[in-house]
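[1] Predicted model, plus sequence, below.
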Amino acid sequence: MYFYQPKRNVEPMNGVVLLGEKSDVMIPVAELGKEFYIEEVCVNRSSNQLCVENAVSYYEENIAKLEPETVLIHLGEAEAENFADHQEVFVRNYRALIQTIRKHNSRCRIGVISLENRGREKNLEVLNRTLRALADSEKCEFCDISTPILWNPNATKSAISFAQSMGLNTKIIKKPLRDMVKIFFGYRSLAEGETEKISDVRFAKALNKRLVTE
C-alpha cells in the first residue's frame, strides 16, 4: 500500500547565486533570469543580517549545499562607513569567503560587485578600489556598478533571439557575469526610483525607457 507524501521544495542546484545584503533581498533574480534567457537557475540568497564578517559561516550553512556554478558577491555596505579603520579585517574576511566558495567548487565563477557611489563619497571610492584589487588578486571578475548602468535590455533579448533563429544553441553559452549584474541591479535601480511597485512583466519595457532617456 502506498501513502501520499506531499512534495518537498526542491532546492535549485548548480545555478547562479546572488549573495548580497539588505538592499538586495527583494531583487527577483529567478524571474529576471527567465526573462533574460539566463540558462542557469538564478537564486537570491541575500540577507538582511549578512555582512562580510559573517559571510563565510552564512555561505557554509545556506549556499554551499546548492553547489552553485556562479556566485555574485555584493557585500560591504555594512562596513562602508568606518571602512578606513577596518580595511585589513575586511580584506581578510572577504578573501576567506572567496576561498570558501572555491573550496566547495574550484571552478565556480565568482563576481565581485562594487558598491554604488552616486555621490562620489571618499570612503566608498576607497572600498571599491579595494574590491577591484581583491578581484584581481583572487582571479575573480570585478563588476562595477558604482556609476549608473547604461544598458539596453531589449537589445540583449533581441540578440539572443536572433542567435536562436540562426540555429545557435544558446544553452551551451554561459552569460557573462557583467551582463547578469546589469540585469539584476538595473532592476533594483529602477524599482528604487519608482513610487509604485513595478511588476516583473513590466520590467523590460520600463527599464529600457528609463535608460534610453538618461
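    All right, it came through fine. Since we're looking at a predicted model, the values are computed, not measured.

[2] can you pull the contacts of the closest residue to residue 108 other than its chain neighbours?
    Closest residue to residue 108 apart from its sequence neighbours, by Cβ to Cβ, 6 or more residues apart in numbering: residue 101 at 5.5 Å. From N, CA and C alone the C-beta is placed, and that goes for glycine too. Listed by Cβ atoms under 8 Å, 6 or more residues apart in numbering, the contact set of residue 101 reads 59, 71, 108, 110.

[3] quick check, residue 101 in a helix?
    Yes: assessed by DSSP: H, G, I helix; E, B strand; the rest coil, residue 101 belongs to a helix.

[4] so which strand or helix has residue 184?
    Using DSSP states H and E, residue 184 falls within helix 177-193.

[5] Can you name every helix or strand that that helix contacts?
    Applying 3 or more Cβ pairs under 8 Å, 6 or more residues apart in numbering; DSSP states H and E, we find helix 177-193 packed against helix 29-35, strand 70-74, strand 109-113, strand 141-143, helix 153-165, helix 203-213.

[6] In that helix, which residues are buried?
    177-178, 180-191 (16 or more other Cβ atoms under 10 Å).

[7] Including distance to residue 66 and pLDDT, could these go into CSV?
    Converted to CSV, these look like this (distance: Cβ to Cβ, whole Å; pLDDT from 0 to 100):
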residue, distance to residue 66, pLDDT
177, 17, 92
178, 22, 89
180, 16, 91
181, 19, 92
182, 23, 87
183, 20, 87
184, 17, 90
185, 21, 89
186, 24, 82
187, 22, 79
188, 22, 76
189, 27, 70
190, 28, 66
191, 25, 64
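
[8] Between the two ends of stretch 137-145, what distance do you get?
    20 Å (Cα to Cα, to the nearest Å).

[9] Pull out the buried positions in that stretch.
    Residues of stretch 137-145 classed as buried by neighbour count (16+ other Cβ under 10 Å): 138, 140-145.

[10] For that stretch, which outside residues touch it?
    72, 95, 98, 109-116, 128, 131-132, 134-136, 177-178, 181, 185.

[11] Give the ChimeraX command for selecting the buried subset of the residues you listed.
    To isolate the buried members of the contacts of stretch 137-145 in ChimeraX, using 16+ other Cβ under 10 Å:
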select :72,98,109,110,111,112,113,114,115,116,128,131,132,134,135,177,178,181,185
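
[12] ok, residue 70 - contacts?
    Neighbouring residues of residue 70 by Cβ under 8 Å, 6+ apart: 15-17, 40, 108-111, 174, 177, 180.

[13] want to throw the residues you listed into JSON lines with distance to residue 63?
    Listed next are the contacts of residue 70 as JSON lines, based on distance: Cβ to Cβ, whole Å:
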{"residue": "15", "distance to residue 63": "11"}
{"residue": "16", "distance to residue 63": "11"}
{"residue": "17", "distance to residue 63": "6"}
{"residue": "40", "distance to residue 63": "14"}
{"residue": "108", "distance to residue 63": "11"}
{"residue": "109", "distance to residue 63": "14"}
{"residue": "110", "distance to residue 63": "12"}
{"residue": "111", "distance to residue 63": "14"}
{"residue": "174", "distance to residue 63": "19"}
{"residue": "177", "distance to residue 63": "17"}
{"residue": "180", "distance to residue 63": "17"}
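
[14] So which of those sits lowest on pLDDT?
    Sorting the contacts of residue 70 by pLDDT puts residue 174 at the bottom of the list (65).
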